[in-house]
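Engineer: need a structure here:
(chains A and B)
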Amino acid sequence: MAQQLKWQLGTVVEIREETPKAKSLILDLPEWTTHLAGQHVDVRLTAEDGYQAQRSYSIASPPEDKYLMLTVDRIEDGEVSPYLTDGLRAGDQLELRGPIGGYFVWDARNKQYDGSPLFLAAGGSGIAPLMAMLRHRANSGATVPTRLLYSSRSYEEIIYREELDRLSANDSSLRVIHTLTRRRPADWTGYGRRIDMAMLADTAWSPAEKPLAFTCGPTALVEAVADNLLELGYEPGRIRTERFGPTGG
Amino acid sequence: MHDSDLRLDGNAAGGLLNEIFPFEMTTAEATCGGCGTTRPIGELMLYRHGMGTILRCYVCDTMLIRITHIHGFYRLDFSGMNCLRIAAELH
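Structural biologist: Numbering: from 1, shown residues only, chains lettered A, B, ... in the order given. Here you go, the predicted structure:
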């Protein structure tokens, strides 16, 4: 990214309801240059009186896709997200700039990561940049052993649930582990609490395997994951964090 | 809500930094003037206030970068930082 990013207009191609609260915006961006899995965009809304509000959203689509996908969790008293989830229709335009960030990224072609198993930990819509990594990994035929630990409030609120099931069913090197923190189906046999040390000790790769960890979600979850992985013996430079703030989106 | 809940990563300042610097700044490494820790800007702790954007050291909380944008000027305060290391191949 050796140049300044310009604000550009994207057109909403489709709006997909992922869960009762989260929607994916599929955007067509004529001036888009390719991104890396894990990068984000800044979205800017301008009111009629000129007032502007700006937020960052992770890109959920892999670099190989024609359109850009952003997945947005509706924050009830939010300034931007209610407009994105409820105010937009197919054909509407949205102003954004990107791709942004070279730190929280994973590229299957980067030899630096050869042999390093991936440990991904997400909370809520923090799954978005990690999903871009999983989609990119599948598209590029990478077989790097990967585990995703994904914390959602309830079964209905698991974003990309069916796609995650499909990806892990077709790939013995990918394991997806869910934890449901608030409500669980009667026949649920998985984890039912917030991510903690014991859960990470059970699910994360041993530090001896030189894993690379990415964690994204609400600030409290990300810091709990990073602190516990450090305590388990992960190297500080191999835990990449993306905090979403207090609300998770 | 605690102040710590509002904390983001330096990653989130990537767009703002790119308004000022013509290259990817979140992978540039900052050395803290307080404790000497060197980390990529993307890994610093970011706080957004009405007064601007503040990036702090993850280890000792020293303010490394403060950016304000007032009356058509960006004002950057780097006084808490000893050194900024930027990979030449990015340019």
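Engineer: tell me who's in contact with residue 60.
Structural biologist: Reading this off chain A. A:24, A:69, A:70, A:71, A:127, A:128, A:129, A:131, A:132, A:135 (CB atoms under 8 Å, 6 or more residues apart in numbering or on different chains). C-beta coordinates here come from the backbone N, C-alpha and C atoms, glycine included.
Engineer: nope, chain B please
Structural biologist: When contacts are taken as CB under 8 Å, 6+ apart, residue B:60 is in contact with B:32, B:34, B:35, B:37.
Engineer: show me what from chain A comes close to chain B.
Structural biologist: Neighbours of chain B within chain A, by CB under 8 Å from any CB of the partner chain: A:1-5, A:40, A:42, A:56, A:97-98, A:100-104, A:218-220, A:240-246.
Engineer: in PyMOL, how would I select just the buried ones from those?
Structural biologist: When burial is assessed using 16 or more other CB atoms under 10 Å in any protein chain shown, the buried subset of the residues of chain A next to chain B is captured in PyMOL by this command:
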select buried, chain A and resi 1+5+40+42+56+97+98+100+101+102+103+104+218+219+220+240+241+242+243+244+245
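Engineer: picking that back up, out of the contacts of residue A:60, which sit inside strands?
Structural biologist: With strands defined by DSSP state E, the entries of the contacts of residue A:60 inside them are A:24, A:69, A:70, A:71.
Engineer: give me the most central residue, chain A.
Structural biologist: In chain A, the centroid-proximal residue (CA atoms, centre = their mean) is residue A:128; its distance is 2.2 Å.
Engineer: please report how far that residue lies from residue A:111.
Structural biologist: Spatial separation of residue A:128 from residue A:111 under the definition CB to CB, to the nearest Å is 26 Å.
Engineer: the strands in the chain, which residues?
Structural biologist: Since no chain was named, I'll use chain A. Under DSSP E, chain A gives strands at A:8-17, A:22-28, A:40-46, A:52-58, A:68-73, A:93-100, A:118-123, A:146-152, A:174-180, A:212-217, A:239-243.
Engineer: ah, no, chain B please
Structural biologist: B:8-9, B:29-32, B:38-40, B:45-49, B:52-56, B:63-70, B:73-77, B:81-85.
Engineer: wait, what's in contact with residue A:126?
Structural biologist: For residue A:126, the residues meeting the contact criterion (CB under 8 Å, 6+ apart) are A:58, A:215, A:216, A:217, A:218, A:221, A:222, A:242, A:244, A:248.
Engineer: mind putting the residues you listed into a markdown table with pLDDT?
Structural biologist: As requested, these are arranged in a markdown table below (pLDDT from 0 to 100):
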| residue | pLDDT |
| --- | --- |
| A:58 | 95 |
| A:215 | 97 |
| A:216 | 97 |
| A:217 | 95 |
| A:218 | 93 |
| A:221 | 95 |
| A:222 | 95 |
| A:242 | 94 |
| A:244 | 84 |
| A:248 | 40 |
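Engineer: now for the residues you listed, which pair is the farthest apart?
Structural biologist: Greatest spacing in the contacts of residue A:126, by CB to CB: A:58 and A:221 (14.8 Å).
Engineer: what sits closest to the closest residue to chain B within chain A if chain neighbours are left out?
Structural biologist: Relative to chain B, the nearest point of chain A is residue A:103 (2.9 Å; CB to the nearest CB). Beyond its immediate neighbours in the sequence, the residue positioned closest to residue A:103 (CB to CB, 6 or more residues apart in numbering or on different chains) is residue B:42, lying 2.9 Å away.
Engineer: show me where pLDDT drops low in chain B?
Structural biologist: Applying pLDDT under 70 to the predicted model, the residue ranges of chain B that meet it are B:1-5, B:90-91.
Engineer: residues in contact with the closest residue to chain A within chain B?
Structural biologist: Among residues of chain B, the one nearest chain A by CB to the nearest CB turns out to be residue B:42. It sits 2.9 Å away. Shown in contact with residue B:42 (CB under 8 Å, 6+ apart): A:101, A:102, A:103, A:104, B:9, B:10, B:11, B:14, B:26, B:27.
Engineer: how much space between the residue nearest to residue A:34 when sequence neighbours are not counted and residue A:107?
Structural biologist: By the measure of CB to CB, 6+ apart, the closest residue to residue A:34 outside its immediate chain neighbours is residue A:63, 5.1 Å from it. Relative to residue A:107, residue A:63 is positioned 8 Å away (criterion: CB to CB).
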